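**Q** generate a structure from the sequence data that follows.
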Amino acid sequence: MANPTRKVLGWLGRCVDVMKIPDRKSLIALAGERVFGRGVEYHSWGRVRALAARDGKVSALVDGNRSYRVFLRIDDWPVGHECNCPQGEGGGFCKHCVAVCLALSEAERDEESSEAVSLAGVRDFLGRSTKAELIELMLDEAMRNERFRERLFLRAARINGKSFDHETYRRFLQFAAQAAASTDNAGSPPAVLKEVESSLGNLLEAGYAEEVATLIEEALLLIFSRPGQQSASQDLITCLLSFHHRSCRQLRIEPEALARRLFKWQTHPGMNGFAEAPKRYSDLLGKKGLKLYQQLIEAEWDRLRSDEGINSSEDQARFARLTELMEDAAKRRGDTEALIEIKSHGLTDAGDYLELARLCKGSGESDLALQWALRGKNLFPVSEAEDLFEFLVAEYEERGDWREALETIFALFSVKPSLSGYQRMAECASRIGDWEIWRERALGAARQNATAAVRPPRLNSKETKPNQSTLVKILLWENDEEAAWQAVQQGECDDDLWLELADRRAKERPEDALLVYRRLVTQTVNRKNNYAYSRAIELLHKIGRLMKKQKRKDEFIDYVERLRHTHRGQRNFAKLVDQMMARYYRRFTS
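**A** Presented below is the predicted three-dimensional model:
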């Protein structure tokens with residue numbers, strides 16, 4: 001079947017030096033065998049479109065999970081390449097680049113489209129067009145293409161008089177931030193980043209350092225105030241911070257003045273997550289500037305944490321931001337005592353108390369750690385503070401306070417029963433000689449938890465039974481097989497536990513085991529996949545061995561034949577059954 005893009009692409013071979021289009025061997029060297037193979041598939045499926053070439057430069061769109069923009073420079077070796085897919089943005093020669101190279105090679109060989117217009121023909125057309133026609137053409141494209149429109153705005157702003165057009169540049173940086181975080185390929189992040197660097201560099205060269213600094217402060221505030229955009233915009237953030245530093249250096253701002261400017265910018269609530277000012281600007285701030293910067297933060301933090309400091313949600317957000325900066329400063333100094341003091345204000349959830357307790361513990365203040373953990377325990381239910389309760393268990397065990405450890409483990413177990421929790425209780429209780437009492441409490445909690453989890457039946461639906469899996473695991477761990485069997489009769493249980501119970505009862509209670517095995521076979525075959533069929537055959541082997549011991553081979557054969565007939569439409573299962581029975585006939589007759 002002919003490639004569906006071939007006729008459209010045929011003319012492009014005349015727009016590049018065909019001798020420089022990478023061949024198969026070169027593409028494998030660039031991309032590797034596996035990626036090359038995927039690129040071949042993409043090309044053969046006709047995924048390449050919007051292919052254009054000019055003076056050794058090639059652009060195209062390749063359709064994958066979404067459309068990816070590819071730029072190639074085939075006059076270079078290795079081939080210059082850009083693609084806004086994850087591998088391409090990491091610098092790799094991706095499958096989309098391979099597909100475009102193959103499309104180029106095919107286009108050069110295609111003679112069917114020899115009459116198509118090339119980009120050279122487009123150049124001739126534009127050269128013959130009037131200025132008014134070209135203006136209309138570009139304005140029409142600007143209405144359709146946001147990136148092209150923003151580039152035109154920038155070009156116009158550079159030559160549109162002596163005044164600085166703040167709004168145009170602000171809007172462009174906003175567009176760059178959106179393009180960097182967007183999955184839409186309309187603005188290729190590498191290309192947008194180059195435009196940002198070029199534009200800001202030109203402004204600095206033209207003496208607009210103050211304007212550049214203000215623009216960047218506004219742009220970064222926009223990025224940091226939008227959840228999730230920081231991680232997607234790291235390259236842009238790094239670029240903007242670099243230019244902000246350059247602009248501050250070019251302005252030669254006094255250290256104290258720079259400290260006040262950074263304080264005002266960095267302490268905005270929208271800048272959550274950014275605390276680089278002291279490190280990034282230390283060469284410009286110097287000792288005096290760094291000292292003043294920290295003093296300003298501490299003074300404002302003290303003001304807001306006073307009784308009358310926080311009067312609005314804006315104050316609360318600002319206090320949270322200042323706390324973040326205070327904590328960062330304490331960490332940089334290695335001042336654990338100060339960090340504990342800072343974190344002790346504004347505790348809002350169990351995680352805050354746990355973090356504070358761990359800090360105290362790490363600094364050798366075990367008693368203080370226990371005090372903070374207990375405060376958190378008394379404020380939050382176990383369901384919201386599991387890690388905090390675990391911290392307390394470890395602390396009590398370390399101190400040898402087994403009774404308190406046991407109480408805390410039981411609190412955890414009551415909310416989320418588990419075999420491991422039961423085993424921990426058994427270990428602790430054995431140290432104080434109270435296991436029988438605690439065992440009954442634990443088993444009662446496991447039964448109650450299973451019953452409480454049962455939802456009332458909906459209209460016209462069957463009544464659900466309590467899931468006794470945890471209780472059964474516990475009883476099997478204690479080797480109380482009979483109690484486990486009784487427990488499972490009163491509710492539901494995971495299949496692997498049913499199987500373990502059946503295996504344990506096979507010797508003394510074979511009829512119980514056979515009942516479970518047969519039910520599991522039916523459930524497993526009904527899943528209708530090859531893995532399930534293999535599992536079902538394993539269960540049939542168990543049934544066969546057990547019934548052979550009971551000299552019930554005819555009954556087993558009859559059971560298997562009926563099972564095969566019931567599931568005769570599941571051919572893969574039927575095939576496995578036939579193979580198994582061929583072996584069993586030989587065994588039963590031997």
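**Q** and the chain, what are its domain boundaries?
**A** Domains of the chain are assigned by automatic domain parsing as 6-127, 153-334, 494-589.
**Q** now render the ones you listed as CSV, adding mean neighbour count and mean pLDDT.
**A** The way it works is simple: take the backbone N, C-alpha and C, and place the C-beta from them, glycine included. CSV is the format used below for those (neighbours: other Cβ atoms under 10 Å; pLDDT from 0 to 100):
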stretch, mean neighbour count, mean pLDDT
domain 6-127, 18, 76
domain 153-334, 17, 79
domain 494-589, 16, 89
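**Q** any idea how far the nearest residue to Ala532 once chain neighbours are set aside lies from Arg38?
**A** Among residues not flanking Ala532 along the chain, Thr524 sits closest, at 5.0 Å (Cβ to Cβ, 6 or more residues apart in numbering). Between Thr524 and Arg38 the computed distance is 37 Å (Cβ to Cβ, to the nearest Å).
**Q** can you tell me the SS state at Asp76?
**A** Classification of Asp76 by DSSP: H, G, I helix; E, B strand; the rest coil places it in coil.
**Q** could you point out the helix or strand that follows the helix of greatest length in the chain?
**A** When the chain is parsed with DSSP state H, its longest helix is helix 282-305. Tracing the chain past helix 282-305, the next element assigned as helix or strand by DSSP states H and E is helix 313-333.
**Q** contact partners of that next one?
**A** Outside of helix 313-333, the residues within contact range by Cβ atoms under 8 Å, 6 or more residues apart in numbering are 266-269, 271-273, 275, 278-279, 294, 297-298, 300-301, 304-305, 309-310, 336, 338-339, 342-343, 345-346.
**Q** show residues contacting stretch 235-247.
**A** With contact meaning Cβ under 8 Å, 6+ apart, stretch 235-247 is reached by 173, 176-177, 180, 189, 192-193, 196-197, 200-201, 204, 209-210, 212-213, 216-217, 219-220, 223, 230, 276, 280-281, 284.
**Q** so which elements touch the helix or strand hosting the residue nearest to Ala532?
**A** Applying DSSP H and E as the criterion places Thr524 in helix 510-525. Applying 3 or more Cβ pairs under 8 Å, 6 or more residues apart in numbering; DSSP states H and E, one finds that helix 510-525 contacts helix 495-505, helix 530-549, helix 553-566.
**Q** distance to Lys57 added to those helices, as a markdown table?
**A** Shown next, in a markdown table, are the helices and strands packed on helix 510-525 (distance: least, Cβ to Cβ, whole Å):
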| stretch | distance to Lys57 |
| --- | --- |
| helix 495-505 | 61 |
| helix 530-549 | 51 |
| helix 553-566 | 66 |
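**Q** ok, back up a step: dump the helix holding Thr524 to CSV, keeping only the CA atoms.
**A** Provided in CSV are the C-alpha atoms of helix 510-525 (Å, rounded to 0.1, in the frame of the first residue of the first chain):
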residue,chain,number,x,y,z
PRO,A,510,-11.3,-33.4,51.6
GLU,A,511,-15.0,-32.6,50.8
ASP,A,512,-14.5,-29.0,52.1
ALA,A,513,-11.4,-28.6,50.0
LEU,A,514,-13.1,-30.0,46.8
LEU,A,515,-16.1,-27.6,47.4
VAL,A,516,-13.7,-24.6,47.5
TYR,A,517,-11.6,-25.8,44.5
ARG,A,518,-14.6,-26.3,42.3
ARG,A,519,-16.0,-22.9,43.1
LEU,A,520,-12.7,-21.3,42.4
VAL,A,521,-12.4,-23.1,39.1
THR,A,522,-15.7,-21.7,37.9
GLN,A,523,-14.8,-18.1,39.0
THR,A,524,-11.4,-18.3,37.4
VAL,A,525,-12.6,-19.7,34.0
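**Q** Val48 is nearest to which of the helices and strands packed on helix 510-525?
**A** For Val48, the closest of those is helix 530-549, at 37.1 Å, according to Cβ to Cβ.
**Q** show me where the chain has its strands.
**A** For the chain, strands defined by DSSP state E occupy the ranges 48-54, 57-63, 67-73, 80-83.
**Q** adjacent strands (with direction) for the second one?
**A** The strands beside strand 57-63 in its sheet (DSSP bridges) come out as strand 48-54 (antiparallel), strand 67-73 (antiparallel).
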